[in-house]
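Novice: Any chance you can model this:
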Amino acid sequence: MQLAVAADLVSAWLMPDKDKPLVDAEARCACGGVVVTVKGRVLSMMLCACEDCQKATGAGHSALAVFRAGDVTITGETRSFARPSNSGATLTRWFCPTCGTPLGGGSSRMDTITILPVGLLGGGAGWYRPNQLIFARSHHDWDLVEAALPRWQTYRDEEGIR
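Specialist: Prediction:
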C-alpha cells in the first residue's frame with residue numbers, strides 16, 4: 001500500500017543520508033485487527049496541509065514519513081478510498097474497516113514509495129522530525145506549525161517557499 005507523487009517530485013522530498021533515521025517499528029490500528037511493520041530508512045519526513053490530509057486527519061495537517069514500499073508491510077483486512085489528487089494521480093488511502101484507523105495509501109504514479117501517517121506508530125515514532133510543510137496554500141493560521149519550517153505552496157518547488 002503506497003502513497004506517492006510524480007517521480008520528478010520524489011527527489012525533492014528526499015533528505016540527506018545523514019538525516020535519515022533507520023526505523024524498526026510495529027503498530028496496530030485501534031482495534032488491533034491490522035498490523036503495520038516498518039523496517040527501513042526514512043526517505044523524508046513532512047507535514048502536509050492539503051485539504052485531503054485535513055479531511056483524513058480531522059486536523060489542520062497530517063504528519064507523514066516516506067519509506068521505500070518494500071520496507072513497509074501491512075497485514076490484516078483493509079478498506080480503501082480512491083480519488084483524484086492535486087498531482088493528477090489517483091490517490092488511494094487505506095484504513096481499517098472495523099475501527100477506521102488511517103493506515104497509509106497509494107498513488108497511481110508510483111508504487112515504490114509508501115507514505116505512512118506517523119501518528120499510527122505512536123511511541124515508536126520518536127525519530128520523527130518534519131523537514132517541511134507541503135500544501136501551505138491551504139494551511140490554516142490556527143494550526144500552529146514551527147515558523148522556521150520550510151513551507152511550499154503545493155509540492156516542494158523553487159517558487160513555492162516562503
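Novice: Not counting stretch 125-144 itself, show me its contacts.
Specialist: By C-beta atoms under 8 Å, 6 or more residues apart in numbering, the residues outside stretch 125-144 that reach it are 15, 19, 21, 23, 25, 42, 44-51, 53-54, 59-61, 63, 65, 86, 118-119, 121, 145, 149-156, 160, 162. No exception for glycine: its C-beta is placed from N, CA and C like everyone else's.
Novice: let's see it at 7 Å
Specialist: For stretch 125-144, contacts defined as C-beta atoms under 7 Å, 6 or more residues apart in numbering pick out 15, 21, 23, 44-51, 60-61, 63, 65, 118, 145, 149-156, 162.
Novice: same deal with stretch 91-109?
Specialist: By C-beta under 7 Å, 6+ apart, stretch 91-109 touches 1-6, 29-31, 33-34, 36, 52, 56, 74, 77-83, 85, 87, 89-90, 114-117, 120.
Novice: PyMOL command to pick out the buried ones of the contacts of stretch 125-144?
Specialist: To isolate the buried members of those in PyMOL, using 16 or more other C-beta atoms under 10 Å:
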select buried, resi 15+23+44+45+46+47+48+49+50+60+61+63+65+118+145+151+152+153+154+155+156
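Novice: Take the contacts of stretch 125-144 and keep only those in helices.
Specialist: Applying DSSP state H to the contacts of stretch 125-144, the entries found in helices are E51.
Novice: From the contacts of stretch 125-144, which land in strands?
Specialist: Counted as lying in strands by DSSP state E, out of the contacts of stretch 125-144, are 23, 44-48, 63, 65.
Novice: Give me the pLDDT for A6.
Specialist: Turning to A6, the model gives it a pLDDT of 38.
Novice: Can you tell me the closest non-neighbouring residue to the residue nearest the centre of the chain?
Specialist: Nearest residue to the geometric centre of the chain (C-alpha atoms, centre = their mean): L64, 3.1 Å. Among residues not flanking L64 along the chain, I115 sits closest, at 5.0 Å (C-beta to C-beta, 6 or more residues apart in numbering).
Novice: Shouldn't T114 be within a strand?
Specialist: Yes - per DSSP: H, G, I helix; E, B strand; the rest coil, T114 lies within a strand segment.
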